[in-house]
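Participant: Fold the following for me, if possible:
(one chain, ligands or ions: 1)
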Amino acid sequence: MRRADVWLTPGEIVPTELETRPVVVIDVLRASTTVVAALEAGARAVHPAVTVEEALRVAQAVGRDGVVLAGERRSLLIEGFDLGNSPREFVPDRVAGKLVVLTTTNGSAAMVQAMEAPTAFVAGLVNVGAVARALAQLDGDPVVLCAGRERGFALEDAVCAGVLLTRLAQATTPRWRLGDGAKAAVALARRFGATARMLAATEAGRQLQEVGLGEDIAVCAAMDRSVLVPVVRERQIVGRPEPVASAER
Ligand code: MLT
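Facilitator: This is a model prediction of the structure:
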């Protein structure tokens, strides 16, 4: 029987498991959704950075012309950066052919941690079905890393993890053994539902509305809008479009 786990906060990461299991990083509001938007808009790759200083160093090393510096602190644009962390900003005119260097409060740090894993995907509600199908094709016991909020719990990430595991169970024949975090995530997804209304009522959703970015919530809630599977390659995240055969399943 295969096993699936969910780390509901980054504090639950078990390093030896991170290094040996397929990992999916989730930050619904908004870093995962932004990564999907950037890659769909033609960005060459996304390079997640933990700090502003690290992002600036990467931009300098790669060459400022080929880079879009993006990210947020307290949900807002960082001074001197090209873009914030609103998925609506990531359009071909701004990012096509560029390396997006992204630093956000929670999501980009979780993505950097996932680089220790043998395989790591990035999922939000927008591509949850595609990531579930990609996971179903892998061997091993996956673990979902919820980026959470300020190292604490974020309901929207747990709900998305629950949807992902429900889809994974539907796409595979063996029965799954779920760890406690995974069982909780599945139950939360059933209880709250993965809707824009649920997102709007979360702490992260409220913060976005308070700073005038409430429109991002509907974008992040658009379930299965994309079949793109962001995957970590070396130190960067690249887009892997789903093969047609598996998309039709
Ligand atoms: C994060 O990574 O912390 C978030 O995506 C926060 C945000 O976008 O406001």
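Participant: can you map out the strands along the protein?
Facilitator: For the chain, applying DSSP state E gives strands covering 2-7, 23-26, 45-48, 67-73, 76-77, 99-103, 120-123, 143-146, 176-178, 228-233, 236-241.
Participant: export those strands to a markdown table and tack on mean pLDDT, mean neighbour count and distance to residue 195?
Facilitator: All C-beta atoms are positioned from the backbone trio N, CA, C, and that covers glycine. Shown next, in a markdown table, are the strands of the chain (pLDDT from 0 to 100; neighbours: other CB atoms under 10 Å; distance: least, CB to CB, whole Å):
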| stretch | mean pLDDT | mean neighbour count | distance to residue 195 |
| --- | --- | --- | --- |
| strand 2-7 | 96 | 22 | 20 |
| strand 23-26 | 98 | 30 | 16 |
| strand 45-48 | 98 | 26 | 27 |
| strand 67-73 | 98 | 23 | 24 |
| strand 76-77 | 98 | 15 | 26 |
| strand 99-103 | 98 | 26 | 26 |
| strand 120-123 | 98 | 28 | 17 |
| strand 143-146 | 98 | 28 | 18 |
| strand 176-178 | 96 | 15 | 23 |
| strand 228-233 | 96 | 21 | 22 |
| strand 236-241 | 90 | 19 | 26 |
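Participant: Can I get those in TSV including distance to the ligand?
Facilitator: Shown next, in TSV, are the strands of the chain (distance: least, CB to the nearest ligand atom, whole Å):
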stretch	distance to the ligand
strand 2-7	16
strand 23-26	10
strand 45-48	9
strand 67-73	5
strand 76-77	8
strand 99-103	9
strand 120-123	11
strand 143-146	12
strand 176-178	26
strand 228-233	14
strand 236-241	14
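Participant: end to end, how far does stretch 223-234 reach?
Facilitator: When the termini of stretch 223-234 are compared using CA to CA, to the nearest Å, they are 28 Å apart.
Participant: contacting residues around that stretch?
Facilitator: With CB atoms under 8 Å, 6 or more residues apart in numbering as the test, stretch 223-234 has contacts from 32, 35-36, 39-40, 45-46, 111, 114-115, 117, 119-122, 125-131, 134, 163, 194, 237-242, 247.
Participant: how about the residues of the chain near the ligand?
Facilitator: With CB under 6 Å from any ligand atom as the criterion, the chain comes near the ligand at residues 27, 29, 30, 31, 72, 75, 85, 104, 105, 106, 107.
Participant: State the distance from the first one to residue 79.
Facilitator: Look at residue 27 and residue 79: by CB to CB, to the nearest Å, they are 22 Å apart.
Participant: who has more neighbours, those two?
Facilitator: Shown here are residue 27 and residue 79; by other CB atoms under 10 Å, residue 27 has more neighbours (33 against 7).
Participant: Look at that one and report its pLDDT.
Facilitator: At residue 27, the pLDDT value in this model is 98.
Participant: ok, it - contacts?
Facilitator: 104, 106, 107, 110, 124, 146, 147, 157.
Participant: what do you get if the cut-off is 6 Å, keeping everything else the same?
Facilitator: By CB atoms under 6 Å, 6 or more residues apart in numbering, the contact set of residue 27 is 106, 107, 147.
Participant: and the strands of the chain as TSV, adding distance to residue 202?
Facilitator: Converted to TSV, those look like this (distance: least, CB to CB, whole Å):
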stretch	distance to residue 202
strand 2-7	17
strand 23-26	13
strand 45-48	22
strand 67-73	16
strand 76-77	18
strand 99-103	21
strand 120-123	17
strand 143-146	12
strand 176-178	23
strand 228-233	22
strand 236-241	24
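Participant: I'd like to know which of those lies nearest to residue 190.
Facilitator: strand 176-178 (13.3 Å; CB to CB).
Participant: May I ask you to name the longest helix in the chain?
Facilitator: Counting by DSSP state H, the longest helix found in the chain is helix 155-171.
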